[in-house]
Structure formats: structure tokens, C-alpha cells
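Q: With the sequence up front, the predicted model follows.
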Amino acid sequence: MRKAFICPSKYVQGENEIENLGFFVKQYGGTALLIADAFAKKLVSAKLESTQKKFGVKFVNVEFGGECSRQEVARLQKIAADNKCDCIIGLGGGKAIDTAKCVNEAKSRLIIVPTIAATDAPTSHSAVLYTPSGDFDDYAYFTSPDVILIDLNVIAAAPTRFLISGMGDALSTYFEARANSKWRRAVNAGLPCGALNNDCPPARGTNAAMKLAELCYETLIAEGYKAKIACEQNMITSSLEDIIETNILLSGLGFESAGLGAAHAIHDGLTILEEAHKYTHGEKVAFGTICQLVLENAPQEEIDEVLSFCEMVGLPMCLADLGVKDIGDRLMAVAEKACIPEESIHNMPFPITAEGVAAAIIVADKMGAEFKACCKE
């Protein structure tokens, strides 16, 4: 069976690390196209000026349009070519980072500088394209970033909800990796199961990826609550450092090299619910993780541990936590969207039906609501 371990060339995190950004730019030539939204750029403007002077490099500043669209990518590629840029920097949140991946297209070097730890997207080699008006367009895949640079001070100063959201995204990593591992064993044993979705990544399943996924979950349970408190106080502690690494690196390596499962597919299904639009990717994935555990009939003690973690750090545990008071006749539409042929839910180690997914959503919702009620007593 074909296996692969997909990872960036370098991952660096530390205090005021953006001040060392110029060092990496200089390794690739000295001129970089800087893609960042206005808020993120202003947030770290002093550090950007400092690192340019310190290392004698030049940042070509552009006004990022805000959407990772084909039109914006083409415009920025031309600017990069006209200025003979040696590397591309994506600084800020997900859309600036994804745009940088698309602009680069593996033709130069790519440096990713996230200003929040809300997802594992900085580590991945994938990007999501939108239309100029913000509608979903397509997924794109490239080589992994050359450098991921994490400034602890910047992330510690960001709203705590972003860190918690990143923990919600990371919460699924181990359970989805485990499901993929069971899928392979089921196939080898000749047991019935779904058709593995190989879209992301093209090959997976190394022992290293599985161990990193396990470490991802263990670190969340051990350090998540402490990291949340530290972030609320804008303080850098060992726990916060560990969770930032968990949200961005461990989760990213885990999902790319071990695979996705039902949790992310159910997230995708939940996106059709208008009430849930104001909730983040990681918040919906957290509830999707509970649904996956119900779907695979995980031990009750494991479900309780996940529910306890969600309650402790403030992640959604039921549909009401995602603004959905009555899913009603929309339930099957959510389940059917989660089960479309190209979804990662077919990486689960047993046959999948929309009816089974709908049942898991309802049971997970009830479990989460009752757990919350018990915690308040």
C-alpha cells in the first residue's frame, strides 16, 4: 500500500519571531511579495519594518483584495513576476495564507506567517478558492510550505476564540486518523467498508503520522484548558506554546498524512444551516467529532472525555451551541451533503449511509445537551 508523509520544510515558533522573517527571505534571495490583509499588516508593521532593516531584505507590499479568488491570484502573480520576487509570504488568516499558496504555485519559495492559531491550514499544502463575491469555487493542492513562522506574542494577543477554534479543529485529528487506519485494516481483512477518499492527501498512513495524531489529542487534553486561560490573559506560557504547536503543526501533519474522516464531512454538511454560518470551522468540527464518535459506536468513556474537554474549553457540544434550535426537516439534507461521494466520511471503516449519519447527529446532539445540563447542576 502506498504511503506518504506530507510536511513543511521548516516550522519555527518563538517570541517575536516575525523579527526573524527577513532571515528566511534572505536565504531565498532577498525580495518577497507580502500578501496580508490591512489589519494583519498593521498589527505587525513595526516588526516587518525591523526585520527588513535587520536583514537587508525587501517586502513588496500589495493591497490584498480579501478573497482567495482566481482573479486575485492572477493579479498578485503578475506583481510577483514584475518585481522578480524570490519568495511569497502569506501573513494573517486563512484567506491570505491560501492566496499565498496559490500565487506561489511551487515556482518559488513559500513562507507562511499565521497571526491566529484557529486552524491547521498553515501547515497544509491545500487551499480553498472562492469567487470574487465570496462563494466557494474549488480546492487546490500544491507543495508544502518552505517555512512556517509562528510569532507567539501575536497569537497570544489574538482573541481567545481563535485559539479555542483551533483546538476544535485539532480535536478531530486523532479520531479521523484512527478511522483511516481501521479502514486499511478492514480492507486487508476483506471486510465491507466505504471507498477511501484519496483526494487529500494522495497517499497516507505512515506510523509517524498516527503517532503525531495521538500526541495531538493527548496534548489537547493535558494542556488545552491551561492554554485557554493563558490566552485570555494574553500571557505566553508553556501550555499556550504547546497548544499553538498542537493546533497548527500536530493537527496539520496528522490530517494531511493520516487522513480525514466523518468529523470534517459532517462539518461540511452543517454549512448548509444558515444559523451556523457565524460559527468557525473548528467550532463545527468539534461537534462533528462528537457525531463521528457516535457514528462509530466509540466507548462511552471516550465520548465523555471529549464532551468534558469541549465543556471545559468552551467548544460546541450540541446543535444549540451552533445556533441551531430546530434542525427539523433539514436533518437529512445535512446528512446527505456529508455523504456525497467525494467526502472524507467514506474513509470510515464501515459502509456509510445518510440515514446512519442523521441518526448520529441527533444522538450526539442529545448527548451533548444532556452533558451540558449535568455540568450546570
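A: Received it, and whenever you're ready, just let me know what you need. Residues are numbered from 1 along each chain as shown.

Q: Correct me if wrong, but Leu34 is in a strand.
A: Yes. Assigned with DSSP: H, G, I helix; E, B strand; the rest coil, Leu34 falls within a strand.

Q: Which strand residues bridge it?
A: Asn61, Ile89 (DSSP bridges).

Q: tally of neighbours for it?
A: Applying other CB atoms under 10 Å, we find 25 residues neighbouring Leu34. For every residue, glycine as well, the C-beta is placed using N, CA and C.

Q: can you tell me which residues contact it?
A: Each residue near Leu34 by CB atoms under 8 Å, 6 or more residues apart in numbering is listed here: Lys41, Leu48, Phe59, Val60, Asn61, Val62, Ile89, Leu91.

Q: I'd like to know which of those are buried.
A: Those of the contacts of Leu34 that meet the buried threshold are Lys41, Leu48, Phe59, Val60, Val62, Ile89, Leu91, by 16 or more other CB atoms under 10 Å.

Q: And the contacts of Leu34, which is closest to Ile6?
A: Ranked by distance to Ile6 (CB to CB), the contacts of Leu34 are led by Ile89 at 21.3 Å.

Q: surely that closest one meets Ile111?
A: Yes. Assessed by CB atoms under 8 Å, Ile89 is found in contact with Ile111 at 4.8 Å.

Q: Can you give me the pLDDT of the residue lying closest to Gly94 once chain neighbours are set aside?
A: Nearest non-adjacent residue to Gly94, counting by CB to CB, 6 or more residues apart in numbering: Ala121, 5.2 Å away. The score at Ala121 is 91. That number is its pLDDT.

Q: Now for Ala121, how many residues are close by?
A: Ala121: 24 neighbours (other CB under 10 Å).

Q: Which of the residues in the worst-scoring helix or strand of the chain on mean pLDDT are classified as buried?
A: When each helix and strand of the chain is scored by mean pLDDT, DSSP states H and E, strand 136-141 comes last, with a mean of 83. Within strand 136-141, the residues scored as buried using 16+ other CB under 10 Å are Ala140.

Q: what packs against that strand?
A: strand 126-130 (3 or more CB pairs under 8 Å, 6 or more residues apart in numbering; DSSP states H and E).

Q: Please enumerate the helices of the stretch 51-200 of the chain.
A: 70-82, 94-104, 152-157, 160-188 (DSSP state H, counting those that start in this stretch).

Q: in the following helix or strand past the longest one, what counts as buried?
A: When you say that, I think you mean helix 160-188. For helix 160-188, the succeeding helix or strand toward the C-terminus, using DSSP states H and E, is helix 207-232. By neighbour count on 16+ other CB under 10 Å, the buried set for helix 207-232 is 209-210, 212-217, 219-220, 223-228, 230-231.

Q: Now do the domain split for the protein, please.
A: Domain assignment of the chain by automatic domain parsing yields the ranges 10-156, 159-376.

Q: could you dump those to TSV with distance to Ala4?
A: Output for the domains of the chain, formatted as TSV (distance: least, CB to CB, whole Å):
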stretch	distance to Ala4
domain 10-156	11
domain 159-376	4
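
Q: between these, which gets nearest to Lys3?
A: So among the domains of the chain, domain 159-376 is nearest, using CB to CB, at 4.9 Å.

Q: looking only at pLDDT, what's the mean for that closest one?
A: pLDDT averaged over domain 159-376 gives 92.

Q: now that domain: how far from the chain's centre is it?
A: Relative to the centre of its chain, domain 159-376 is centred 11 Å away, using CA atoms, centre = their mean, to the nearest Å.

Q: Touching the strand or helix carrying Glu301 from outside, list them.
A: Following DSSP H and E, one finds Glu301 within helix 300-313. With CB under 8 Å, 6+ apart as the test, helix 300-313 has contacts from 164, 167-168, 171, 220-221, 224-225, 228, 286, 289-290, 293-294, 315-317, 367-368, 371-372, 375.

Q: and the direction of it versus that of helix 207-232, what angle?
A: 30 degrees (axes from the mean of the first three to the mean of the last three CA atoms, to 10 degrees).

Q: any residues in contact with both of Ile89 and Ile111?
A: Leu21, Val25, Ala32.

Q: Enumerate every residue touching Gly252.
A: Gly252 sits next to Asp120, Ala121, Pro122, Thr123, Ser124 when contact means CB under 8 Å, 6+ apart.

Q: Kindly present the residues you listed as TSV, with separate columns for distance to Gln300.
A: Below are those laid out as TSV (distance: CB to CB, whole Å):
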residue	distance to Gln300
Asp120	28
Ala121	33
Pro122	35
Thr123	33
Ser124	33
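
Q: of those, closest to Ile362?
A: The closest of these, once distances to Ile362 are taken by CB to CB, is Asp120, at 28.6 Å.

Q: Give me the neighbour count for the closest one.
A: Neighbourhood size, Asp120 [other CB under 10 Å]: 26.

Q: Could you check the pLDDT of Phe142?
A: 89.

Q: Glu301: neighbour count?
A: Quick note: Glu301 (other CB under 10 Å) scores 7 neighbours.

Q: That should have said Cys374, apologies.
A: The burial count for Cys374: 10, using other CB under 10 Å.

Q: between the one helix or strand it maps to and helix 300-313, how big is the angle?
A: Per DSSP H and E: Cys374 is located in helix 354-376. For helix 354-376 against helix 300-313, the angle by the same axes, to 10 degrees is 60 degrees.
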